[in-house]
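Chemist: Turn this into a structure:
(3 chains)
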Amino acid sequence: MTPRPKPLPRSFYLDSPEIVARNLLGKLITRTLNGERLTGRITEIEAYLGLNDPASHSFIGKTARNAVLFGPPGFSYVYFIYGMHYCLNFSCGPAGEPDGVLIRSLQPVEGLATMARLRGLSGPINPKLLCSGPGRLCQAMGITLAENNLDVTRAKSPLCVLDDGFRPASIKATPRIGISKAVDLPLRFVATLD
DNA sequence: AAGCGGATCGTCT
DNA sequence: GACGATCCGCTTG
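Modeler: Have a look, this model is predicted:
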């Protein structure tokens, strides 16, 4: 029997990004948009190791864009890339340590019809095409720069991460996608749900 | 089935 | 003024 979904506390995000990333697999992200709840379960995530990681946005030091990563853990870091897409991250590690995790894929749970509409898809819904990919999941959940720097530990936040007791069947680690530095580190984590 | 390039703009040099 | 933690559609084989 699955407990009622409960927001993950700030302490959850205090660990190293590798640990936080692994532990976030199988957790729920709920986006409240115009009074409707859009929910997905995290199936793919990457860890970015801040000042120690040339692939991290924070590697170059603090700027206006990456400032959230330098703040306390458990906040959303949203950025715009390639002139087309938004990507969703969560800050982790203690304040001052600019680590983060990039959400790469969700299994849609709630609000599939709205997700399909936001994605511009028509016809029969293929759940696989809704939230698989960092740009896609932001489009499906209506996440833009307006959703940067939200506290995802608060139940009433428009963006919140919940634990419903689900645990992934298995987890594998692979190199990260789409980066040009530190390409070999196994910091991408993919869950098998079941 | 896999590879190419276009779209499109915020962010930093 | 260049480029990117991407996606999609069109091409080719």
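Chemist: The closest residue to DNA strand B within chain A is in what secondary structure piece?
Modeler: Closest to DNA strand B within chain A is A:Gly83: 2.1 Å, counting by Cβ to the nearest atom of the strand. Just so you know, the C-beta spots here come from the backbone N, C-alpha and C atoms, and that holds for glycine as well. Remark: A:Gly83 resides in no helix or strand, with elements defined by DSSP states H and E.
Chemist: Retrieve the pLDDT associated with it.
Modeler: Each residue has a pLDDT score; the one for A:Gly83 is 89.
Chemist: just A:Thr2 next, same as before
Modeler: 64.
Chemist: Point out the residues in chain A that sit beside DNA strand B.
Modeler: Neighbours of DNA strand B within chain A, by Cβ under 7 Å from any atom of the strand: A:60, A:63-66, A:79-80, A:82-84, A:145.
Chemist: from those residues, which ones fall inside strands?
Modeler: If you go by DSSP state E, the residues of chain A next to DNA strand B have A:79-80 in strands.
Chemist: where are the low-confidence patches of chain A?
Modeler: Chain A contains residues with pLDDT under 70 at A:1-2.
Chemist: burial count for A:Ser105?
Modeler: Look at A:Ser105: counted by other Cβ atoms under 10 Å, it has 19 neighbours.
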